[in-house]
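Enquirer: Quick check, what structure comes out for this input:
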Amino acid sequence: MGSNDAAALAAMALTKDEFEQIVWPTLPVSRPEVGMPIEYVWQDTFRKSRAFLQQTLSEYGGQRFALVRVEFRGPTTEHEGYTVSRETELVVRDERGAERRIRLFGSIIRQEGRSKVYSYILD
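Expert: Modelled structure (predicted):
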């Protein structure tokens, strides 16, 4: 992490278009009989995720880490066309060379060989 932490971390997250095209069709609340508008679900998730991102930046912003590996402490859920892995833990090396475990975000979505932050909410 460096001087432009907020922009870099925000760019790693699932976008509204990706949510709408990939995730929304698989959610039970997307069924017409439920009557839940996508805009409400997206805004609620986005707002909560960004609040957690701000907490993460308060704690870790400006620090430099080298990624050693990514581990998942929570369940991984297979959906049609994508996978979500929860309780993401990053094993990093800090500026002193010490290995640490940190949680910068909650879950990762993987689709067709690429990964993005699904949510900054620490689940």
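Enquirer: Going by C-alpha atoms from here, please, whenever you check contacts or count neighbours.
Expert: Noted.
Enquirer: where along this structure do the strands fall?
Expert: Under the criterion DSSP state E, the chain contains strands at 66-72, 76-79, 82-85, 88-93, 99-102, 107-111, 114-119.
Enquirer: Averaged pLDDT, stretch 59-67. What do you get?
Expert: The pLDDT scores in stretch 59-67 average 92.
Enquirer: hmm, back to that, adding mean neighbour count, write the strands of the chain out as a markdown table.
Expert: Listed next are the strands of the chain as a markdown table, based on neighbours: other CA atoms under 10 Å:
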| stretch | mean neighbour count |
| --- | --- |
| strand 66-72 | 13 |
| strand 76-79 | 13 |
| strand 82-85 | 18 |
| strand 88-93 | 20 |
| strand 99-102 | 14 |
| strand 107-111 | 20 |
| strand 114-119 | 18 |
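Enquirer: Can you say which of those is nearest to residue 49?
Expert: Closest approach to residue 49 among the strands of the chain is made by strand 114-119 (5.5 Å; CA to CA).
Enquirer: Just list what the closest one packs against, helices and strands only.
Expert: Secondary-structure packing of strand 114-119 (3 or more CA pairs under 8 Å, 6 or more residues apart in numbering; DSSP states H and E): helix 38-60, strand 107-111.
Enquirer: Let's test this: mean pLDDT of that strand, rounded?
Expert: On average, strand 114-119 scores 95.
Enquirer: which of the helices and strands packed on strand 114-119 is buried the deepest?
Expert: strand 107-111 (a mean of 20; mean count of other CA atoms under 10 Å).
Enquirer: okay, which residue of the chain is out on the far edge from center?
Expert: Centroid-distance maximum for the chain: residue 33 at 28.8 Å, with CA atoms, centre = their mean.
Enquirer: returning to that earlier point: specify the stretch among the strands of the chain that is closest to residue 14.
Expert: Using CA to CA, these put strand 114-119 closest to residue 14, at 5.5 Å.
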